[in-house]
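Asker: Just need the structure, nothing else, for what follows:
(chains A and B)
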Amino acid sequence: MSERLLELVGVSKTYEADASLWARLMGAGGAVRAVSEVDLTVTRGETLGLVGESGCGKSTLARLILKLEEVTGGDVIFDGRNVTGLGPQHLAWFRSRVQIVFQDPQSSLNRSYRVETILASALRLHRGLKRRSDLREAAADLLRLVGLDPAFLDRYPHELSGGQRQRVGIARALSVEPDLLVLDEPVSALDVSIQAQIVNLLHDLQRRLGLTYVFISHDLNVVRYLADRVAVMYFGRIVETGPVETIYRRPRHPYTRVLLSAVALPDPEHELPTETALTGEVPSPLAPPSGCAFHPRCPLAQERCRRERPELREVGGVAVACHLVES
Amino acid sequence: MSAALLEVQDLTITFRTDAGTVHPAKGVSFEVAQGEVVGLVGESGSGKSMTAKAVLGLVEPARAVRSAHIRYKGRDLNRLSAAELFQLRARDLAMIFQDPMGSLNPLFTIGHQLTRVYLQHGPREGSARERKRAARARAVELLKKVRIPDPESRLGQYPHQFSGGMRQRVMIAMALMCSPTLLVADEPTTALDVTVELQVVELLKSLQAELGMSVIFISHNLGVVARLCDRVMVMYAGRIVESGPVDRVLVNPAHPYTRALLASMPRGRKDEAPLRPIQGEPPSLARLAPGCPFRPRCDLAGAGCEVEQKLVTVEPRHQAACHRVRAA
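Answerer: A predicted model of the protein is given here:
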């Protein structure tokens, strides 16, 4: 057992924008780098929050961790084992240890199966259960684990509320007794009162089962609540990473500062951000900016930022990729 | 703030569905003053969008809407003909929706869609050519106002050439083409990223201050409401359960639902401020038990709650519909 459960070393993912023969012959194809040279370590038992706005690459990174997509550069090391080129014969092993919970349980649960069938297929594959009664008993246990009555085994997904469906989604992910759960916006589609139930459930499950989480969210309040460490992504790269409280108390990267100042708390006396609202939009991945990808929107950008891309470096207990942050 | 611009009294919407009769809004009464920004908050299915749509006469079929009256500048909207209501929309009452892609026609340029509003609802003086020119000038002016760079050339572009935040700005520009006095914004920032959401909220805030219009801002995000609104109304199961100034309702909530909602929002670390979720699920409108609709999920529920409470004043301008709150 390695303390470092998951390590990403220089992980990149490039998509061909237009892979047609004609485009390639004309040299017009162009490549889109969704994720660039990401280094990340997730320690056993911790929660890593992955935050950033739409299109920053956080969901692509999740898919790379899960091997739903193959990396085009770098290595994914899981529990001390390089899983980058893992063949199909070992995939079952990997899948039984790393699972995902999706944002929208409506579309990630098969609507024509009862909850029991949904849970039983994973139990049969990964835990080798064969007898119907054993499968049903194990599925009932899973429902109890996520706070649902076993009577829900006989329901179809459409008969459940959003919160109940997400509980089933979590139960399915837990059916193989994984070590690592990738949670891709698991509460974003839910109502506020239900969000809190699911957040508490996730926290409780982590404590009881010793799970490790990669928690992807655009809701920075939820990330602060759940995560131990956080990684902020912008335009396919990690721009700042470190302990969640250190970063929330003193964000160093200009983008993190803007992102955190945009968080709205339900408190009229909450002091309004000193940081001005960001101007402009996320750049097009087909025309990446030179130097630091954030420079066209950065209030502090200087000549150097346009020329030279900043590397992540250690500053006061966090790693930050910005030329202007003083050591 | 002067007298009420909009006055809604005892609004009830009734739909007959296969599951039974439902009331997306029941006995809803409120006022919006000139220049006031009112937040309408609640979870999915609480009736906030339906209430707002009823104000604009957008609920189909119209006979589903029953109310004592909906008065706008003293005129009862229920008594207006379809033609009169058409005249009132855009010029007096305008609305923006959550999903700008769904509200913009992908087949027409932004310029076409913006000027069309003005040509249909705007001033009628002058020749067709003059009016067209005026509409175009107005469109450019508004795109500038919502801070879209290079508005002249943007007019010739199609919705897909705009990003999500830009599209929502175009929707705001479109709603403001005829200088409405009341803008209904239905979750206009929900589909946007936080930094873009902040931009749009700040934009709405400055436009509201500049133009002096009233805004009904529908949202499930209490944080955004705190930033933008003067007053907030909290809806649950088709009722307004609490209403008051933002700095009172969010700081000193009176209704157990509002209190529970605020307690279920994370504001720090799990060890500092543990979340207290609301038990159970939002009720199905078709199977609502008699009495207070929040009763099955309420910690304070007890004797008396099987009879529904009307809004009572708990402090000046602050009301809540609960037996357990002490009237002022």
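Asker: surely A:R309 meets A:G291?
Answerer: Yes: here A:R309 reaches A:G291: they are 5.5 Å apart, a contact under CB atoms under 8 Å. Every residue, glycine included, has its C-beta placed from N, CA and C.
Asker: So for the two, which residue has more residues nearby?
Answerer: A:G291 (19 against 16; other CB atoms under 10 Å in any protein chain shown).
Asker: Let me know the helix or strand that that one is in.
Answerer: A:G291 is part of no helix or strand when elements are defined by DSSP states H and E.
Asker: what are the pairing partners of the helix or strand in which B:V8 is found, and which direction each?
Answerer: Per DSSP H and E, B:V8 falls inside strand B:4-17. Each strand that pairs with strand B:4-17, with its direction, by DSSP bridges: strand B:20-33 (antiparallel), strand B:65-66 (antiparallel), strand B:69-72 (antiparallel).
Asker: what distance separates the second one from the centre of its chain?
Answerer: Its chain's C-alpha centre lies 18 Å from the corresponding centre of strand B:65-66 when counted by CA atoms, centre = their mean, to the nearest Å.
Asker: Would you mind checking the average pLDDT for that strand?
Answerer: Averaging pLDDT along strand B:65-66 gives 84.
Asker: Residues contacting that strand, please?
Answerer: Outside strand B:65-66, the residues within contact range by CB atoms under 8 Å, 6 or more residues apart in numbering or on different chains are B:L11, B:T12, B:I13, B:T14, B:A54, B:V59, B:N78.
Asker: Stretch B:161-180 near chain A at all?
Answerer: Yes: Stretch B:161-180 is in contact with chain A by CB under 8 Å from any CB of the partner chain, via B:S163, B:G164, B:G165, B:M166.
Asker: Restricted to helices, list these.
Answerer: B:G164, B:G165, B:M166 (DSSP state H).
Asker: For burial, what's the neighbour tally of the second one?
Answerer: It stands for B:G165. Count around B:G165 with other CB under 10 Å applied: 21.
Asker: Same check on the first one?
Answerer: Here the number of neighbours of B:G164 (other CB under 10 Å) works out to 17.
Asker: what do you get for A:G10?
Answerer: Counted with other CB under 10 Å, the neighbours of A:G10 add up to 12.
Asker: Hmm, A:G74 and it touching each other?
Answerer: Yes: counting by CB under 8 Å, A:G74 is a contact partner of A:G10 at 3.6 Å.
Asker: residue ranges for the helices of chain A, please.
Answerer: With DSSP H as the criterion, chain A has helices at A:21-25, A:58-65, A:88-95, A:105-108, A:115-127, A:132-145, A:162-174, A:192-209, A:220-226, A:244-249, A:254-261, A:303-307.
Asker: And the ones you listed, which one averages the lowest pLDDT?
Answerer: Looking at the helices of chain A, the lowest mean pLDDT belongs to helix A:21-25 (a mean of 64).
Asker: From the residues of stretch B:161-180 next to chain A, pick the one nearest B:H23.
Answerer: B:G164 (33.8 Å; CB to CB).
Asker: Give me the distance between the closest one and B:A139.
Answerer: From B:G164 over to B:A139 the distance is 20 Å, taken as CB to CB, to the nearest Å.
Asker: Break chain B into its domains for me.
Answerer: B:4-92+B:180-320, B:98-179 (automatic domain parsing).
Asker: In CSV, list the strands paired with strand B:4-17 along with mean neighbour count.
Answerer: Converted to CSV, the strands paired with strand B:4-17 look like this (neighbours: other CB atoms under 10 Å in any protein chain shown):
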stretch, mean neighbour count
strand B:20-33, 19
strand B:65-66, 18
strand B:69-72, 19
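Asker: Which of those comes out lowest on mean pLDDT?
Answerer: strand B:65-66 (a mean of 84).
Asker: and A:G236, how many neighbours does it have?
Answerer: By other CB under 10 Å, the residues close to A:G236 number 25.
Asker: which ones are touching it?
Answerer: The neighbours of A:G236, taking CB under 8 Å, 6+ apart as the test, are A:R33, A:A34, A:V35, A:S36, A:C56, A:G57, A:T60, A:P285, A:A293.
Asker: would you turn those residues into TSV with neighbour count and distance to chain B?
Answerer: Below are the contacts of A:G236 laid out as TSV (neighbours: other CB atoms under 10 Å in any protein chain shown; distance: CB to the nearest CB, whole Å):
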residue	neighbour count	distance to chain B
A:R33	19	19
A:A34	22	17
A:V35	28	18
A:S36	20	20
A:C56	26	9
A:G57	23	14
A:T60	21	16
A:P285	18	13
A:A293	25	15
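Asker: ok, these vs B:M171, which is closest?
Answerer: Among the contacts of A:G236, and counting by CB to CB, the member closest to B:M171 is A:C56, at 24.6 Å.
Asker: Next, the contact list for the closest one, please.
Answerer: A:C56 neighbours (CB under 8 Å, 6+ apart): A:M233, A:Y234, A:F235, A:G236, A:V282.
Asker: In space, what's closest to the last one - neighbours in sequence excluded?
Answerer: It refers to A:V282. Leaving out its chain neighbours, the residue that sits closest to A:V282 by CB to CB, 6 or more residues apart in numbering or on different chains is A:G55, at 5.7 Å.
Asker: How about the third one?
Answerer: Across the structure, with CB to CB, 6+ apart as the measure, the residue nearest A:F235 apart from its sequence neighbours is A:A293 (3.9 Å).
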